[in-house]
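Visitor: need a structure here:
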Amino acid sequence: MYKIFKYQLRERKVELPINAKIIRIDHVNDGYYHGDFVWAIVDPEEKRKEVIEFEQTYVETMMKEANKEHLFNDLTPVRLRVTEVQEVTLPGHAVSAGEVDGDIFLYCDEYEERNDTVHLYKTGQSFKLHPDKLRYVGMNRIWIKQELGLYTFIVKKDDTVFSQENHEEAEDE
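Guide: Residues are numbered from 1 along each chain as shown. Presented below is the predicted three-dimensional model:
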């Protein structure tokens, strides 16, 4: 079973379970949390830890990536429903994710139309598929009393259809 958890980044170092997959680094100042944080896909049952130290330029680059709304200008927005799994027709490859006035979007190039399966996960939610079968696109934010991040993934083409076998495989690992 895999989940997304948030870890505090201190002096460019973070302690994560072994084999964690980092998907986002950003600064938070929401009245409750304050500081730099790392979000990673982890196996919560993994007890072995490793300390990862980042170069300052890497942290800065990741924070810019997390806040790249200015890059959406040349991309085509495709509105998503707020549901865990959905089939969508996209004008091209999903490049990023973002939100506008409470609606959530994938931002796509216009390379060639394609059908994709989108998965949205909250921090702490169990994955339905093994993370290796998903491509992280970005985070959408919605507000329900406070900010709720929806981490947006596209199912890699060879695993487009959700099956009970894939779900059981993810739980076994």
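Visitor: for the rest of this, base every contact and every neighbour count on C-alpha atoms.
Guide: Will do.
Visitor: show me what the helix ranked longest in the chain is packed against.
Guide: What stands out as the longest helix in the chain, according to DSSP state H, is helix 56-66. Helix 56-66 makes packing contacts with strand 21-29 when contacts are defined by 3 or more C-alpha pairs under 8 Å, 6 or more residues apart in numbering; DSSP states H and E.
Visitor: repeat the analysis, applying 10 Å as the threshold.
Guide: In terms of contact count using 3 or more C-alpha pairs under 10 Å, 6 or more residues apart in numbering; DSSP states H and E, helix 56-66 is assigned the packing partners strand 21-29, strand 34-42, strand 94-100, strand 134-144.
Visitor: and the next helix or strand past the second one?
Guide: Think strand 34-42. Heading C-terminal from strand 34-42, the first helix or strand you meet, by DSSP states H and E, is strand 49-53.
Visitor: check the offset of that next one from the chain's centre.
Guide: Relative to the centre of its chain, strand 49-53 is centred 21 Å away, using C-alpha atoms, centre = their mean, to the nearest Å.
Visitor: what's it in contact with?
Guide: Here strand 49-53 makes contact (C-alpha atoms under 10 Å, 6 or more residues apart in numbering) with 9-20, 59.
Visitor: hang on, the earlier thing: can you state the direction angle for the longest helix of the chain and strand 34-42?
Guide: Counting by axes from the mean of the first three to the mean of the last three C-alpha atoms, to 10 degrees, helix 56-66 lies at 80 degrees to strand 34-42.
Visitor: angle of helix 56-66 against strand 49-53?
Guide: Angle, helix 56-66 to strand 49-53, by the same axes, to 10 degrees: 100 degrees.
Visitor: mean confidence score for helix 56-66?
Guide: Mean pLDDT, helix 56-66: 81.
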